[in-house]
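Enquirer: Could you work out the structure for the sequence below:
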Amino acid sequence: MTASNRVVADITYIQTAEGWMYLTAIVDLFSRKMIGSAMRGHMRIELVSSALSMTIR
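Expert: Here you go, the predicted structure:
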């Protein structure tokens, strides 16, 4: 099975100068490129929906 038309998403937190931030990344498995991402100071629906919107655009 090939990885075309497949993506993977992950949510992680990282420490920044502004404090702890949550990062959502969406990666195309075929090209291994990040096709969507968002970073917020909270882990609410806006975090994931922003990354998904970027992916669709």
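Enquirer: Let me see the contact set for the nearest residue to residue 18 once chain neighbours are set aside.
Expert: Spatial nearest neighbour of residue 18, chain neighbours left out: residue 41 (7.3 Å); criterion: CB to CB, 6 or more residues apart in numbering. (Glycine included, C-beta is placed from N, CA and C.) Contacts here follow CB atoms under 8 Å, 6 or more residues apart in numbering; on that basis residue 41 touches 18-22.
Enquirer: would you list these in CSV and tack on secondary structure and distance to residue 30?
Expert: Shown next, in CSV, are the contacts of residue 41 (DSSP: H, G, I helix; E, B strand; the rest coil; distance: CB to CB, whole Å):
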residue, secondary structure, distance to residue 30
18, coil, 34
19, strand, 35
20, strand, 32
21, strand, 28
22, strand, 26
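Enquirer: Please indicate which of those residues are buried?
Expert: 21-22 (16 or more other CB atoms under 10 Å).
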